[in-house]
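**Q** please find the sequence and the predicted model below.
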Amino acid sequence: MIARASSEGVVRALTKRQVQALRATARIALLGALGCAAQGCDPGRSPPAESPEPATRAPAEDDAVEGKASAEPSAPATDEAKGEAPASANEAATAEPPADARVASKLSDEALARCDAVIKQTFPDGARKPAEQVPKEALDCCMARARHEDALYDDRLERAKQGETGSGLAEWEARSACCGALSWRGSMTCTPWGPPPPPCVGDERPTRASPPRVDLRDVARETAASRGLAFAALDVDARELAIATWRGRMVNEHESAAVFEALAGQLRRAGFERGITAQLAGFAVEEREHGIACGAVVEALGAEADAPPVGQPALPEHPDASPREAALRNLLSVCCLSETVAVALISAERMNTGPAALKRVLGDILADEVQHARFGWRLLEELAPRLPAAMKRRLGVYLVTAFAHLREHELAHLPARPAPSRAAEAVGVCDGHEARRLFLDTVRDVIIPGLEDHGLPAAAAWEASLAA
């Protein structure tokens with residue numbers, strides 16, 4: 001049975017989960033193949049989980065909540081105890097590529113020593129080189145070494161589970177150089193920040209916005225200078241990945257302002273108090289400020305804070321539900337799901353960040369994201385006692401879609417790969433395995449218990465989302 005913590009412990013609980021999750025992943029090393037050859041494939045989809053059948057679609061009648069919510073409604077109940085994640089969830093986040101995408105085979109001790117010597121001679125300082133500058137013998141050895149690492153995956157994972165050290169990425173010091181020579185890249189950027197628009201259900205098809213290009217160059221340069229953002233020399237690969245990461249975050253944060261603006265309007269039309277909608281409007285301002293801060297990092301890295309927009313779909317209206325129930329669906333998706341996960345991921349990244357100025361940027365963004373998540377949980381706690389049972393059941397049905405959408409969004413923006421180097425990780429290029437594990441921990445140990453405490457069938461919804 002999952003123990004419940006006090007309702008004001010969301011931030012403390014998340015921070016403790018960060019530390020626990022990061023320590024656990026440090027012991028377990030990397031939850032995927034370590035060779036770059038296999039990691040060039042997208043993670044496979046997990047098999048359907050055994051789960052209860054979701055209820056049928058909610059009727060459209062209005063089970064209106066009596067009374068109005070206050071503007072300062074309480075944070076979610078959380079769980080400080082660590083349990084085992086559902087197998088299906090772990091598979092979804094850390095699944096290996098299909099067998100036919102891997103050609104894993106161990107090298108003999110003699111062949112391994114010979115290849116390591118060739119690789120060491122080719123990359124004496126561990127720096128990457130273009131493939132055309134790497135001899136064929138070294139390329140062949142890099143590929144063989146990658147396949148060797150893949151073949152060792154099961155053994156390495158079992159040793160790590162037993163608490164042994166030295167079973168991780170450090171065993172292959174030339175991994176980054178070899179993977180670069182083999183033209184392995186894939187998606188290495190960690191950019192799930194900025195809540196996306198919630199998913200719609202049924203026949204609703206929200207229109208897709210066409211925002212202008214995100215050009216924050218002038219204000220981002222001023223911000224970079226005023227905040228003292230400067231970085232030590234990075235190798236070409238680490239710098240490119242860092243730029244792509246922060247530019248992606250810049251766009252996502254900037255465009256997520258529209259999500260909060262639309263949500264504020266929806267809650268206003270649904271009859272929520274002005275103080276509540278004003279807070280949401282303020283969150284939109286903060287999201288744009290986050291976009292500028294991320295753009296400042298891009299400028300400090302020597303690139304331009306300029307990028308094409310993503311063009312998110314509009315906030316769904318949920319015509320099958322009453323105005324208040326429709327607003328609650330979107331509030332759950334944006335604040336209780338997306339922003340709660342953002343708190344966990346940003347907090348963990350801040351722990352791994354090197355430059356002090358960058359750590360302060362992350363700290364400022366984190367402080368705002370905490371308030372965005374806490375807002376949703378407090379409002380839910382205020383409203384939950386007066387929600388009709390039928391509405392709670394229907395919100396549980398919506399959570400099946402919301403959880404599937406959350407998982408798809410997070411895993412699409414968290415690479416199933418480790419950071420290429422400590423230097424890259426120190427400037428925001430995340431270890432995707434750790435981030436994915438932390439995402440699952442946050443859903444399991446914070447979000448699901450918090451929603452269940454307020455009478456929403458979140459555990460069943462999560463399992464049903466895995467089978468969808």
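**A** Received, thanks. Numbers count the residues shown, from 1 in each chain.
**Q** poorly predicted segments of the protein, please.
**A** Residues of the chain that meet the criterion pLDDT under 70 lie in 1-105, 150-172, 176, 180, 183-188, 208-209.
**Q** ranges for the strands of the chain?
**A** Ranges of strands in the chain, per DSSP state E, are 214-215, 306-307.
**Q** let me know which of the ones you listed is the nearest to residue 229.
**A** Proximity to residue 229 (C-beta to C-beta) singles out strand 306-307 among the strands of the chain, at 17.0 Å. No exception for glycine: its C-beta is placed from N, CA and C like everyone else's.
**Q** buried ones in the longest helix anywhere in the chain?
**A** Longest helix in the chain by number of residues, with DSSP state H as the criterion: helix 236-269. Across helix 236-269, burial judged by 16 or more other C-beta atoms under 10 Å covers 237-264, 266-268.
**Q** now stretch 205-219
**A** Judged by neighbour count (16+ other C-beta under 10 Å), stretch 205-219 contains these buried residues: 206, 209, 214, 216, 219.
**Q** repeat for stretch 360-372
**A** Quick answer for stretch 360-372 (16+ other C-beta under 10 Å): 360, 361, 362, 365, 366, 368, 369, 370, 371, 372.
**Q** and which of the buried residues of stretch 205-219 is nearest to residue 288?
**A** Sorting the buried residues of stretch 205-219 by how near they are to residue 288, with C-beta to C-beta, puts residue 216 at the top with 9.1 Å.
**Q** that closest one: what's it in contact with?
**A** Residues near residue 216 by C-beta atoms under 8 Å, 6 or more residues apart in numbering: 250, 254, 291, 292, 295, 305, 306.
**Q** cool, and residue 243?
**A** Contacts for residue 243 (C-beta under 8 Å, 6+ apart) come out as 298, 301, 302, 303.
**Q** out of those, grab the one that's most surrounded.
**A** Ranked by neighbour count (other C-beta atoms under 10 Å), the contacts of residue 243 have residue 298 at the top, with 28 neighbours.
**Q** go ahead and confirm that residue touches residue 251.
**A** No - using C-beta atoms under 8 Å, residue 298 makes no contact with residue 251, being 10.4 Å away.
**Q** next, count neighbours for residue 317.
**A** As a burial measure, residue 317 scores 17 neighbours (other C-beta under 10 Å).
**Q** can you tell me the closest non-neighbouring residue to it?
**A** Distances taken as C-beta to C-beta, 6 or more residues apart in numbering place residue 326 nearest to residue 317, at 6.3 Å, with adjacent residues excluded.
**Q** I'd say the one you found and residue 315 touch.
**A** No - with contacts counted by C-beta under 8 Å, residue 326 stays clear of residue 315, the gap being 9.7 Å.
**Q** any common contacting residues for these two?
**A** Common neighbours of residue 326 and residue 315, using C-beta under 8 Å, 6+ apart, are residue 266.
**Q** ok, now which ones touch residue 369?
**A** Per C-beta under 8 Å, 6+ apart, neighbours of residue 369: 339, 342, 343, 346.
**Q** sorry, back to before: what's the burial count for the residue nearest to residue 317?
**A** Neighbourhood size, residue 326 [other C-beta under 10 Å]: 22.
**Q** ok, now how distant is it from residue 137?
**A** 63 Å (C-beta to C-beta, to the nearest Å).
**Q** check residue 126 too.
**A** Using C-beta to C-beta, residue 126 is found at 18 Å from residue 137.
**Q** got the contacts of residue 369 as TSV, with distance to residue 147 and neighbour count columns?
**A** Output for these, formatted as TSV (distance: C-beta to C-beta, whole Å; neighbours: other C-beta atoms under 10 Å):
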residue	distance to residue 147	neighbour count
339	41	26
342	37	25
343	39	25
346	36	21
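**Q** got the residues you listed as a markdown table, with distance to residue 466 columns?
**A** Converted to a markdown table, the contacts of residue 369 look like this (distance: C-beta to C-beta, whole Å):
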| residue | distance to residue 466 |
| --- | --- |
| 339 | 22 |
| 342 | 22 |
| 343 | 23 |
| 346 | 26 |
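**Q** will you turn the strands of the chain into JSON lines that also has distance to residue 284?
**A** JSON lines is the format used below for those (distance: least, C-beta to C-beta, whole Å):
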{"stretch": "strand 214-215", "distance to residue 284": "15"}
{"stretch": "strand 306-307", "distance to residue 284": "20"}
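**Q** what comes up buried for stretch 296-313?
**A** For stretch 296-313, a neighbour-count test (16+ other C-beta under 10 Å) marks 296, 297, 298, 299, 300, 301, 303, 305, 306, 307, 310, 312 as buried.
**Q** do the same with stretch 369-389
**A** Here stretch 369-389 shows 369-384, 387 as buried, counting by 16+ other C-beta under 10 Å.
**Q** ok, back up a step: shared neighbours, residue 298 and residue 251?
**A** Shared contacts of residue 298 and residue 251, defined by C-beta under 8 Å, 6+ apart, are absent.
**Q** my guess is residue 303 contacts residue 247. True?
**A** Yes - under the criterion of C-beta under 8 Å, residue 303 makes contact with residue 247 at 7.0 Å.
**Q** identify the contacts common to those two.
**A** With C-beta under 8 Å, 6+ apart, residue 303 and residue 247 have no common neighbours.
**Q** ok, now how distant is residue 459 from residue 401?
**A** Taking C-beta to C-beta, one finds residue 459 at 16 Å from residue 401.
**Q** let me fix that: residue 318
**A** Separation of residue 318 from residue 401 (C-beta to C-beta): 11 Å.
**Q** what residues do the two have in common as contacts?
**A** residue 201.
**Q** out of the contacts of residue 369, who's nearest residue 115?
**A** Using C-beta to C-beta, residue 346 comes nearest to residue 115 of those, at 39.7 Å.
**Q** tell me the contacts of the residue lying closest to that closest one once chain neighbours are set aside?
**A** In this structure, residue 346 finds its nearest non-sequential neighbour in residue 366, 4.7 Å apart by C-beta to C-beta, 6+ apart. Contact analysis of residue 366 by C-beta under 8 Å, 6+ apart lists 343, 346, 347, 350.
**Q** would you list the contacts of residue 243 in TSV and tack on distance to residue 275?
**A** Output for the contacts of residue 243, formatted as TSV (distance: C-beta to C-beta, whole Å):
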residue	distance to residue 275
298	35
301	40
302	43
303	40
